[in-house]
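Asker: Model the structure of this input:
(chains A and B)
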Protein chains: 2
Amino acid sequence: MQVYKAPLRDMRFNLDALGYSERIASLEAFQNYDQDTVLALLDQGGAFAERELLPLNRLGDSEGVKWDPETGAVTTPKGFREVYQKLVENGFVGLTSEEEFGGSGAPETVSIGMSEMAMSCNKSLMMCPGLTLGLVHALEKHGSEQQMRDYLPKLVSGEWAGTMCLTEPQCGTDLGLVRTKAMPEGDHYLLTGTKIWITFGEQDLTENIIHLVLARLPDAPEGIKGISCFLVPKFKMDGTPNNVRCTGIEHKMGINASPTCVIDMEASEGYLVGQPHKGMRTMFVMMNQARLHVGLEGISAGEIAYQTAVAFAKDRRQSRSLNPSRQDSSASADTILVHPDVRRMLLDQKSTNEALRTLAFYIALHLDLSRKHPEESVRQEADDIVALLTPVMKSYGTERGFYNTSLAMQVCGGSGYTKDWSIEQYMRDVRIAMIYEGTNGIQALDLVGRKLPKAGGRLLQSFQSQITNFLRETKEVAGMEEFTTALKATSKELTAVTMELATKGMSDPEEVAAVAANYLKLFGLTTLTFMWNIQVRQALRDSDAYSETKVRTARYFISQILPERHGLVEIIRSGGAHMMAFDEEELG
Amino acid sequence: MQVYKAPLRDMRFNLDALGYSERIASLEAFQNYDQDTVLALLDQGGAFAERELLPLNRLGDSEGVKWDPETGAVTTPKGFREVYQKLVENGFVGLTSEEEFGGSGAPETVSIGMSEMAMSCNKSLMMCPGLTLGLVHALEKHGSEQQMRDYLPKLVSGEWAGTMCLTEPQCGTDLGLVRTKAMPEGDHYLLTGTKIWITFGEQDLTENIIHLVLARLPDAPEGIKGISCFLVPKFKMDGTPNNVRCTGIEHKMGINASPTCVIDMEASEGYLVGQPHKGMRTMFVMMNQARLHVGLEGISAGEIAYQTAVAFAKDRRQSRSLNPSRQDSSASADTILVHPDVRRMLLDQKSTNEALRTLAFYIALHLDLSRKHPEESVRQEADDIVALLTPVMKSYGTERGFYNTSLAMQVCGGSGYTKDWSIEQYMRDVRIAMIYEGTNGIQALDLVGRKLPKAGGRLLQSFQSQITNFLRETKEVAGMEEFTTALKATSKELTAVTMELATKGMSDPEEVAAVAANYLKLFGLTTLTFMWNIQVRQALRDSDAYSETKVRTARYFISQILPERHGLVEIIRSGGAHMMAFDEEELG
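Answerer: As a prediction, this is how the structure comes out:
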């Protein structure tokens, strides 16, 4: 049994809460996207996800992808080609791309809602257009005029697909170890090397595949400062094959309908993107886009698993309510929804997933501001916030999302463990999100080692001033105080911990690295507290039944989820000495 | 790649720490089991697990079990029959059973060590003898003389296997809803009904299968007070089939080599065990045995996953240590063991799994005392401790065990997500342990609703007096103080929370049910703190290299894991009002 209804009501609530109309639709670049238009698009996207994507999800998992060792060809599961074609026909792939290359120029705020629903219903398939979108952004920013003309129209339409080729057998996190070689030849380069973990590196959905590849020029300095970025198409512009071959696929815990390929290049033609040795600049555009969307995978999985668990709990009858007034005398047992512990498991999911959705929209909105707002200072501040919160969204979103699917399984008991309810698939599919696009540990290091110190701490200041402004604006709002009190407390504590960390980090960088993961969790809890405050403000404006539920859910979060921060603070303060004290042999 | 080395060194340490020689080997019943004999047995069991069980584990997962709809027959994966036969030949099945029925009369303390290693290496297969053992215990306690003579010898030897048949489509947790009918006929009963989730309900490993079945007599009162317990063999004593048929198997997330069967009985002959309508007494013997072993599944999976992650981390090289003195200039990158966050993930596993192992041995030791100590008061106190800690072991052990496999996967990055390193299988296989034998939520209700109030709170008092005695004994021991301080603090806090809960529970049982799961976690953390104290005491006695690691690991636990208690206390105190405030429709 597969259960899913697009959460359009909550998306509308988020657009209201974040002031989409005043802040985004009012920008010249998005004049065609007023809130009604956006809601109509989300409605269309949600319907597509429910109708076209969901029915293929379980089949995709059980059938998986097939790889032919003879030809290197990869076959996607039955029906995937047809539904991908419909994605293309509906213009979903290039929704946010520039109109000059055939895109719709829609704001990221729309895209984030569309992606959430589509990934709830078929994460494996959606990884293909998701990567294409990342490549489009990278080329829009760093491609040459000619490259944009040659590649963007077909990528934006979805006729061609993009991949990102970073990892090699000896290097994943540490890209300085890349060995793939790029030899200059005329106006192009010849690339030779092996890339692994290449999502949709080979497939039968599109007529061409454009790989964005990290490699070294002959004169490259060692390490990360000698990495250049290349476009390597499967077929060259004249249609001839380019010696790019899939030499194997991985067998994984999940995302079985998404081929994870080994890609061999042997003197394959490649075209330099951006400056020599500065390839990471281009790749980071694609990676940042991907990280945000990977964070969203946590929400997508959490949402569909939650809906499934609620449907199960409403149907399943076991035991009697401890409260006589809740007992249903027409049946021999009550639905398990009457049991406090079942509610605890459901509300743990609901109160975190809804706050994560607000965070996703919040980041998307700032992405739109950073790209299209006329004032430089606004763009800068928005960009700061996106940069700061991207690792939080990726790491906290996926960890919590995975945990939420596990809670959903627990609600369904033995049934949840069988394939019948599909939760086990959502759980397997989303587990990889904690690993790829930079493991969650790497995200934590990005937060503490890169984003916090950057520009003298300006990124955190930008975010803190958003919180300060919010607290000032809501000071007199009746009903806010119980929530702003929690926000003030956790935000103040986060600031104190951050200062201590900055001081320690000056003398001992290992100390900071040792506590980074728990610091990111504390940051995540604080951020979600802010997101609940934003929602409560909107709920108090609306004051309808939906809003009353919002306020109760916020209260649940503050009392049942946020207290985790106390342990985290003590763990962070106790520091890294305990883990660094061990010799390697002592660990086993 | 499959990595496993039996943790014999740690088991020996645990026997020392818990005083096995003085407390168990000194009992008359266990005079043949001095510590050297036990260690030799554990050595033999560990070698068997590594050599025979592990090589079949991945194959069992990929091949799975097959069910023939024509005949109802179930075929286990290739090699399972042979290795099961070796288990029988080695006398592993009836290790702890009474010698009069062919068992070895070994203490549970041995069995727990043997089971841990065997389940690390092949959880699916070991579920079969595990259930047989539970049935043996139930029959030893509640079977008639004739039943013992008829069934125990072949069950103890492992020639026959046992199952437990509780669940029906309409009833899992709520066994009062059982509908299977038992009609008296001569000296036996005819049972008709359908049972689901029956582990090894049908298989090709043994020549007969003996089902322990819950059913209702015609004159049975409604609900749980009208449930009787029956032996229903697949083949009757005269060898004729008994109309017990497997009509389907489940398709699950994991434990694919363990058949989960639908079992149909149609006027199948059954033999009453114990008194009419008092069937739960018999079944609870089997369930308590099973719950302890399910808790152990968490340790088993956590251990093999940890070992795999350590092996990976020692081999994989990425990036440079932040500490120049740790950098390995002979290679282009350092092993990932130098990175603080990798150590954090490994030590989170090590510090919890080792404490859980001590807890498992601690419970097993009290089980031995409760069965075989000559003094009634000692037996009673030991029984109290087993009863109190069984739900903690089952719930905390499986939740932490599952989480630890996920941490192990995270250490291995993308490789951990592929089937190559098997961690993904350990994770899938162990997830069910949080659900079956009473979900973890049910364990929490058992703890707060049954075990705490029982006999005027005597069970908790028995446990607390163990802690008090320990604190008194170690008062003057140099080096203990940093650990006893933590134990005192968390133990005092647990007592305070328990008192508050007892007071609230008198006026509102829903309040207690709402916080039960988090209360159990707090109980688990306190218990593991006690277990680390016990280990540290031993470590300070030994003062060798192994012991120094133990002390450091204890310190890690106290500083990096235990602080979670602060959040839990606040969550428990904030109470159940927030979750009960929601109408059903508000949840989705």
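
Asker: CA only for contacts and neighbour counts going forward, please
Answerer: Fine.

Asker: Sort out which residues of stretch A:237-252 are buried, please.
Answerer: By neighbour count with 16 or more other CA atoms under 10 Å in any protein chain shown, stretch A:237-252 contains the buried residues A:242-252.

Asker: Mind telling me which residue of the stretch 351-500 of chain A is nearest chain B?
Answerer: The stretch 351-500 of chain A approaches chain B most closely through A:Thr418 (4.1 Å), counting by CA to the nearest CA.

Asker: for the nearest residue to that residue once chain neighbours are set aside, what are its contacts?
Answerer: Using CA to CA, 6 or more residues apart in numbering or on different chains and skipping the chain neighbours, the partner closest in space to A:Thr418 is B:Lys252 (4.1 Å). Going by CA atoms under 8 Å, 6 or more residues apart in numbering or on different chains, B:Lys252 touches A:417-419.

Asker: 10 Å instead?
Answerer: Counting by CA atoms under 10 Å, 6 or more residues apart in numbering or on different chains, B:Lys252 touches A:414-420, A:422, A:424, B:258-260, B:428-429, B:432.

Asker: Look up phi and psi at it.
Answerer: phi -120, psi 170 (degrees, to the nearest 10).

Asker: Ok, A:Leu214 next?
Answerer: Reported as degrees, to the nearest 10, the phi and psi values for A:Leu214 are phi -90, psi 130.

Asker: name the element the closest residue to it other than its chain neighbours belongs to?
Answerer: Leaving out its chain neighbours, the residue that sits closest to A:Leu214 by CA to CA, 6+ apart is A:Cys229, at 4.8 Å. Following DSSP states H and E, one finds A:Cys229 within strand A:228-233.

Asker: Wait, A:Gln522 touches A:Glu493, no?
Answerer: Wrong residue type there; residue A:522 is Leu, not Gln. Yes. Between A:Leu522 and A:Glu493 there is a contact under CA atoms under 10 Å: 9.4 Å.

Asker: Need the overlap of contacts for these two.
Answerer: Common neighbours of A:Leu522 and A:Glu493 (CA under 10 Å, 6+ apart) are A:565-566, A:569.

Asker: between the longest strand anywhere in chain A and strand A:228-233, how many degrees?
Answerer: In chain A, assigned by DSSP state E, the strand with the most residues is strand A:260-273. Angle, strand A:260-273 to strand A:228-233, by axes from the mean of the first three to the mean of the last three CA atoms, to 10 degrees: 110 degrees.

Asker: What are the neighbouring residues in contact with A:Gly113?
Answerer: A:6-8, A:11-12, A:38-39, A:41-43, A:45-46, A:296, A:300, A:357, A:360-361, A:364.

Asker: Does stretch A:485-499 reach chain B?
Answerer: No. No part of stretch A:485-499 sits close enough to chain B to count as contact by CA under 10 Å from any CA of the partner chain; the gap is at least 13.1 Å.

Asker: Now that stretch: buried residues?
Answerer: A:486-488, A:490-491, A:493-494, A:497-498.

Asker: Alpha carbons of it, as PDB, please.
Answerer: Output of stretch A:485-499 as PDB, limited to C-alpha atoms (Å, rounded to 0.1, in the frame of the first residue of the first chain):
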ATOM      1  CA  THR A 485      11.400  32.800  24.900                       C
ATOM      2  CA  ALA A 486      12.600  29.400  23.600                       C
ATOM      3  CA  LEU A 487      14.200  31.100  20.600                       C
ATOM      4  CA  LYS A 488      16.000  33.600  22.700                       C
ATOM      5  CA  ALA A 489      17.400  31.000  25.000                       C
ATOM      6  CA  THR A 490      18.600  28.600  22.400                       C
ATOM      7  CA  SER A 491      20.000  31.300  20.200                       C
ATOM      8  CA  LYS A 492      21.900  32.900  23.100                       C
ATOM      9  CA  GLU A 493      23.300  29.500  24.100                       C
ATOM     10  CA  LEU A 494      24.400  28.800  20.500                       C
ATOM     11  CA  THR A 495      26.200  32.200  20.400                       C
ATOM     12  CA  ALA A 496      28.000  31.400  23.600                       C
ATOM     13  CA  VAL A 497      29.100  27.900  22.400                       C
ATOM     14  CA  THR A 498      30.200  29.400  19.100                       C
ATOM     15  CA  MET A 499      32.400  32.000  20.900                       C
END
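
Asker: Can you show me the strands along the stretch 101-250 of chain A?
Answerer: Taking DSSP state E, counting those that start in this stretch, the strands of the stretch 101-250 of chain A run over residues A:160-165, A:181-185, A:188-199, A:208-215, A:228-233, A:244-249.

Asker: Can I get those in JSON lines including distance to A:Leu346?
Answerer: As requested, the strands of the stretch 101-250 of chain A are exported to JSON lines (distance: least, CA to CA, whole Å):
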{"stretch": "strand A:160-165", "distance to A:Leu346": "37"}
{"stretch": "strand A:181-185", "distance to A:Leu346": "51"}
{"stretch": "strand A:188-199", "distance to A:Leu346": "33"}
{"stretch": "strand A:208-215", "distance to A:Leu346": "41"}
{"stretch": "strand A:228-233", "distance to A:Leu346": "45"}
{"stretch": "strand A:244-249", "distance to A:Leu346": "37"}
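
Asker: Beyond the lengthiest helix in chain A, next helix or strand please.
Answerer: For chain A, the helix that runs over the most residues, judged by DSSP state H, is helix A:376-417. Toward the C-terminal end, the helix or strand that comes next after helix A:376-417 (DSSP H and E) is helix A:423-431.

Asker: averaged over its residues, what pLDDT does stretch A:134-154 have?
Answerer: Stretch A:134-154 carries an average pLDDT of 97.

Asker: okay, that stretch in PDB with CA atoms only?
Answerer: The C-alpha trace of stretch A:134-154 is given here as PDB (Å, rounded to 0.1, in the frame of the first residue of the first chain):
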ATOM      1  CA  GLY A 134      22.900  21.500 -11.100                       C
ATOM      2  CA  LEU A 135      24.900  21.400 -14.300                       C
ATOM      3  CA  VAL A 136      22.700  24.100 -15.900                       C
ATOM      4  CA  HIS A 137      23.400  26.400 -12.900                       C
ATOM      5  CA  ALA A 138      27.100  25.700 -13.100                       C
ATOM      6  CA  LEU A 139      27.200  26.500 -16.800                       C
ATOM      7  CA  GLU A 140      25.000  29.600 -16.400                       C
ATOM      8  CA  LYS A 141      27.600  30.800 -14.000                       C
ATOM      9  CA  HIS A 142      31.000  29.600 -15.400                       C
ATOM     10  CA  GLY A 143      30.400  28.300 -18.900                       C
ATOM     11  CA  SER A 144      31.600  30.200 -22.000                       C
ATOM     12  CA  GLU A 145      29.200  31.800 -24.400                       C
ATOM     13  CA  GLN A 146      29.700  29.000 -26.800                       C
ATOM     14  CA  GLN A 147      29.300  26.300 -24.100                       C
ATOM     15  CA  MET A 148      26.000  27.900 -23.000                       C
ATOM     16  CA  ARG A 149      24.700  28.000 -26.600                       C
ATOM     17  CA  ASP A 150      25.900  24.500 -27.300                       C
ATOM     18  CA  TYR A 151      24.600  22.800 -24.100                       C
ATOM     19  CA  LEU A 152      22.100  24.700 -22.200                       C
ATOM     20  CA  PRO A 153      19.000  24.500 -24.500                       C
ATOM     21  CA  LYS A 154      19.000  20.700 -24.600                       C
END
